[in-house]
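**Student:** with the input below, show me the fold.
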Amino acid sequence: MQRRYLSLGLLGLASCNAWQVTQDPAAAGVIPRRGDIYIVRPVDGRFRNTAYPGSGDAVVRALLDGLRLHLPFDRVTAGFVPEEPQAALASARLRRAAYMITPGITYWVDRPAHAAFGPDGMAVQLDLAAIATGASIDRRTISVRSRTMIATTAHAWELLPEPIAAYAASITGQSDLT
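**Tutor:** Modelled structure (predicted):
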């Protein structure tokens, strides 16, 4: 009986995550419901000497999914490869986008389950810019960490959907996160 409670307790701990969205107050803004959005594909994340291939793709997928909850499917597109700022702006203009989101992975840790001596987590900076002016209209950092250090089968990218969906809702004017 004790073993069953311990397993349930560990399972409950494994599913707890903490996330935070910080916003630069000088760049706060909400996009109107018209105008397409182009998402720049970020360079994959790193932690110390470890690169995490596919982490940039995971951020783009989370942004696409989150934004498409609030905007028509065809209003949101993403780049295929990481781009320099001027090339990304040109790509966004080519797609006739009104806004561009430039994510930057500042921290990414996805520990293997057999060596989980610390929590998984990431920090992603999101810069929303108006294409017409190139000016940033919203800048935020999303920080996510698993709350446990026990071995689980979760991966760092599985922590993204909830905070990214909250971010997407806020920039489309559908939440009070702004």
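**Student:** list the contacts of stretch 63-82.
**Tutor:** If you take Cβ atoms under 8 Å, 6 or more residues apart in numbering as the criterion, stretch 63-82 is touched by 33, 35-43, 56, 60, 88, 91, 95, 97, 101, 103, 126, 161, 164-165, 167-169, 172, 174. All C-beta spots, glycine's among them, are computed from the backbone N, C-alpha and C.
**Student:** show me these that map onto helices.
**Tutor:** Restricting the contacts of stretch 63-82 to those inside helices, with DSSP state H as the criterion, leaves 56, 60, 88, 91, 161, 164-165, 167-169.
**Student:** show the buried residues in those.
**Tutor:** 56, 60, 88, 91, 164-165, 167-169 (16 or more other Cβ atoms under 10 Å).
**Student:** let me have those in JSON lines, extended by pLDDT and distance to residue 74.
**Tutor:** Formatted as JSON lines, the entries for those read as follows, by pLDDT from 0 to 100; distance: Cβ to Cβ, whole Å:
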{"residue": "56", "pLDDT": "93", "distance to residue 74": "23"}
{"residue": "60", "pLDDT": "96", "distance to residue 74": "16"}
{"residue": "88", "pLDDT": "94", "distance to residue 74": "20"}
{"residue": "91", "pLDDT": "95", "distance to residue 74": "17"}
{"residue": "164", "pLDDT": "90", "distance to residue 74": "20"}
{"residue": "165", "pLDDT": "89", "distance to residue 74": "19"}
{"residue": "167", "pLDDT": "89", "distance to residue 74": "21"}
{"residue": "168", "pLDDT": "88", "distance to residue 74": "16"}
{"residue": "169", "pLDDT": "86", "distance to residue 74": "19"}
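**Student:** ok, the residues you listed vs residue 120, which is closest?
**Tutor:** residue 164 (15.7 Å; Cβ to Cβ).
**Student:** you'd agree that closest one is up against residue 61?
**Tutor:** No - Residue 164 is not in contact with residue 61 according to Cβ atoms under 8 Å; the separation is 9.4 Å.
**Student:** where does pLDDT dip in this structure?
**Tutor:** Low-confidence segments of the chain, defined by pLDDT under 70, are located at 1-29, 32-33, 111-118, 147-154, 175-178.
**Student:** so which elements touch the helix or strand hosting residue 141?
**Tutor:** Assigning secondary structure by DSSP states H and E places residue 141 in strand 136-146. Contacts defined by 3 or more Cβ pairs under 8 Å, 6 or more residues apart in numbering; DSSP states H and E place strand 136-146 against strand 17-23, strand 99-109, strand 121-130, helix 161-171.
**Student:** I appreciate the help and will end here.
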